[in-house]
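[1] From the sequence below, what's the structure:
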Amino acid sequence: MEILVELVNDENVALVLEELKSYCTDVSTELAQAAIAAIGRIGRTYTEKCLDILTGLLALKQEHIASAVIQTFRDLVWFCPQSSAAVCKAVEGCDESLQDDEGKQSLLWLLGEYGQQISGAPYVLEGFIDSLKVELCSAVKMELLTAAVKLFLCRPAEMQDILGRLLHYCIEEESDMCVRDRALMYYRLLQSGVDETRKVLLGPKSDPSMTVLTGRPEEPVNLWASSFNTLGPLCGTVACLENASAETSIQHLHSAEEEDGAEELKLSPPEQTLRTEAVEEELSCTADAAEELNLTTGPPLSHEAFERLWLDLQVAHQQALGVSRPADPLETLQAAFQLVKIQTLAFTRNDTVPWKAYMYSRAGGTLILAELLQGAPEEPESKGNLLVSVKQQPENQQAIRSFISVLRSVLQTLSSHGSQN
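    Sure thing, here's the model as predicted:
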């Protein structure tokens, strides 16, 4: 199944999903759950197709299938926040099919994160609270506490009595000290004020500084090893280190050329000029290559966090890409961007004018936000041509150049394939 997931593309995705779907109802519980998890991984690229299959499986009311689907839903909305509306609609009324601890924890996490979109969320939590005395798993109880407090912050009128019952039981009657301490922490946090509680529990879901811990296997170790166990990545000094590395390599080339200079003293002036120009061109190419940064997606960025950052930050760079929007389906465009570590959050429909797309990526410790625009009356450059606006945090022009280079390459490749077909 791992091989099938890696081999998926636009041409065979329907066949692969049909194959995996047939395994989901196998008599072997392990095989069925592995197939569901594989569909979830494919869903990070082909979200709509996989959501239809997973929703259908949930309707079977099979305990092990429902548990695996709910766990897959939890992972899917984390990687693809745009799927949250469909997931919230699908999980309505599925709590009766869950008996294992992992499935319960996944459902409670969904209720806590997206309870505002699930109409019956408070009453599902109430059912868990009613059966709390017979619940043996501490992890489920602590997930229930977190979900209840989060839902209280979004729907206080419905959750006030329910949360009060839960906190009273966990503080006064619960024998598990870990659960009791968690309940006391939330109780004291709520005593400090709802606003303070909201800052702690409903803060930004994605922290750009977390790229320190993700995406590293794709980057050369010598680019970041010297900043390991320091505050460098948080201060945005990774780019400085990379620039220093590039400058060092160029200085070595200069030194090598100076050592060879003694042998070049006998050259005539025209020959010396040609030699100098060749060296300068070689150094320029080396510098350009050294300035290239690898893109990484890092932890997922929610729509809310993206919108907040987009409104707060100023446009750092804007330019016409010299290519029009490809005629490919939006799913193909999204999959192509994901292959090069660019995550798309939203597209307008193909026939919409002006056409827009919003996306993000990371490079050199910098979070890059971008808007693609075509056909906007207020932007003459976008008529028949894609205009990209880039914002970033922290500032790093080197990262912007790498991002735009990759973005243009993808769009040009898709456009050329479209014209050939």
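[2] What helices and strands are in contact with whichever strand or helix holds residue 186?
    If you go by DSSP states H and E, residue 186 is part of helix 177-191. Counting contacts by 3 or more Cβ pairs under 8 Å, 6 or more residues apart in numbering; DSSP states H and E, helix 177-191 packs against helix 138-154, helix 156-172, helix 194-201. Placement of C-beta: from N, CA and C, glycine included.
[3] Contacts for that helix, please.
    138, 141-142, 145-146, 149, 166-167, 170-171, 174, 196-197, 200 (Cβ atoms under 8 Å, 6 or more residues apart in numbering).
[4] Confirm for me that residue 23 is in contact with residue 30.
    No. With contact defined as Cβ atoms under 8 Å, residue 23 does not reach residue 30; the gap is 10.5 Å.
[5] Looking at those two now, which is surrounded by more residues?
    Using other Cβ atoms under 10 Å, the more surrounded residue of residue 23 and residue 30 is residue 23, with 17 against 9.
[6] how close does residue 5 get to residue 75?
    Distance, residue 5 to residue 75, using Cβ to Cβ, to the nearest Å: 13 Å.
[7] And the residue nearest the centre of the chain, how close does it get to residue 138?
    For the chain, residue 300 is the residue whose C-alpha lies nearest the centre (Cα atoms, centre = their mean; 2.1 Å). According to Cβ to Cβ, residue 300 stands 28 Å off from residue 138.
[8] So for the nearest residue in space to residue 139 that is not next to it in sequence, what pLDDT did the model give?
    Using Cβ to Cβ, 6 or more residues apart in numbering and skipping residues adjacent in sequence, the residue nearest residue 139 is residue 105, 5.9 Å away. With respect to pLDDT, residue 105 scores 93.
[9] could we number from 37 for the rest of this?
    Got it, first residue is 37 now, which makes that one residue 141.
[10] Which helix or strand contains residue 141?
    helix 137-150.
[11] what helices or strands is that helix leaning on?
    Helix 137-150 packs on helix 99-115, helix 120-126, helix 157-166, helix 174-190, going by 3+ Cβ pairs under 8 Å, 6+ apart.
[12] what's the closest of the ones you listed to residue 397?
    helix 99-115 (14.6 Å; Cβ to Cβ).
[13] packing partners for that closest one?
    Using 3+ Cβ pairs under 8 Å, 6+ apart: helix 99-115 touches helix 65-78, helix 83-94, helix 120-126, helix 137-150.
[14] thinking again about what came up before, so which pair among the contacts of helix 213-227 is furthest apart in space?
    Checking the contacts of helix 213-227 with Cβ to Cβ, the most distant pair is 174 and 232, at 26.2 Å.
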